[in-house]
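Enquirer: the sequence and its predicted three-dimensional model are supplied below.
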Amino acid sequence: MKMQWWSSCVSVAVVTSVLFVSGCGKIAKKAAEQAIESELEKDGGTADFDLTEDGFSAEVDGVDGKAQYAIGASAKVPADWPSDIPVFDGLKLNMSHANKDQGTFVIQGNSTAGFQEVIDFYAAAAAKEGWKEESVSKQGDSMWIQGLSKDGRMLTIMVAASDEGTSVTQTTNSND
């Protein structure tokens, strides 16, 4: 269902973006939302999909549990984000995903803070929360990836430098 979901979302989002640009906004938006919701509900679950000009948000309750997705302006740290997973202050999110039933949480965002400042924050904050470092890789001053474990969960933090600032991607999931 996951791959089918993303394929459907991407296809409809592209078509809808073209229709928005061509001036068919509200009709295209509603049709796209209904088409995506229908596709997601084929497996017997429920779906609520909201498309905006600068992203989308979705809640899906199905065979894989209850999940939330957001891209663009709708993205925010999920309400049930584990409290022991640090998030850099001022991180402007571009994407978020949560499936508490599966123990999967993902956020991706950007910061104007420096590359090393962000790395220092995550290294210290994760250790303070009791995460055990399993691996770390640094590629010069452009990329840093840290793999951590705690209580049967894995946390991966990727920090990348760019001309626009620093990008952060955090993924956590259950080892089960």
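Expert: Yep, it's here.
Enquirer: which of the helices or strands spans Val118?
Expert: In the assignment (DSSP states H and E), Val118 maps to helix 115-128.
Enquirer: the strands in the protein, which residues?
Expert: 46-52, 55-62, 65-72, 92-99, 104-111, 132-139, 143-150, 153-162, 165-174 (DSSP state E).
Enquirer: next, the angle from the third one to strand 46-52.
Expert: Put simply, strand 65-72 runs at 0 degrees to strand 46-52, going by axes from the mean of the first three to the mean of the last three Cα atoms, to 10 degrees.
Enquirer: and the second one, by the same measure?
Expert: Strand 55-62 and strand 46-52 are oriented at 180 degrees to each other (the same axes, to 10 degrees).
Enquirer: only alpha carbons, please: show strand 55-62 as PDB.
Expert: Taking C-alpha atoms only, strand 55-62 is exported to PDB below (Å, rounded to 0.1, in the frame of the first residue of the first chain):
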ATOM      1  CA  GLY A  55       2.100  21.200  -0.400                       C
ATOM      2  CA  PHE A  56      -0.300  18.700   1.200                       C
ATOM      3  CA  SER A  57      -1.200  17.000   4.400                       C
ATOM      4  CA  ALA A  58      -2.800  13.500   4.700                       C
ATOM      5  CA  GLU A  59      -4.100  11.300   7.500                       C
ATOM      6  CA  VAL A  60      -4.500   7.600   6.500                       C
ATOM      7  CA  ASP A  61      -5.900   4.900   8.800                       C
ATOM      8  CA  GLY A  62      -5.400   1.500   7.100                       C
END
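Enquirer: let me see the contact set for the spatially most central residue of the chain.
Expert: Against the mean C-alpha coordinate of the chain, by Cα atoms, centre = their mean, the closest residue is Ser96 at 2.6 Å. With contact set as Cβ atoms under 8 Å, 6 or more residues apart in numbering, Ser96 has these partners: 68-70, 75-78, 106-108. No exception for glycine: its C-beta is placed from N, CA and C like everyone else's.
Enquirer: again, only using 10 Å
Expert: 57, 68-71, 74-78, 81, 105-109, 170 (Cβ atoms under 10 Å, 6 or more residues apart in numbering).
Enquirer: beta-bridge partners for it, please?
Expert: Per DSSP bridges, the residues bridged to Ser96 are Ala70, Ile107.
Enquirer: now find how far off-centre stretch 129-149 is within its chain.
Expert: Chain-centre distance of stretch 129-149: 19 Å, with Cα atoms, centre = their mean, to the nearest Å.
Enquirer: what's the weakest-modelled helix or strand in this protein?
Expert: In the chain, no helix or strand scores lower on mean pLDDT, DSSP states H and E than helix 2-21, which sits at a mean of 47.
Enquirer: so what's the nearest residue to Ala126 once chain neighbours are set aside up against?
Expert: Nearest non-adjacent residue to Ala126, counting by Cβ to Cβ, 6 or more residues apart in numbering: Leu148, 5.6 Å away. Listed by Cβ under 10 Å, 6+ apart, the contact partners of Leu148 are 85, 122-123, 126-127, 129-136, 154-157, 172.
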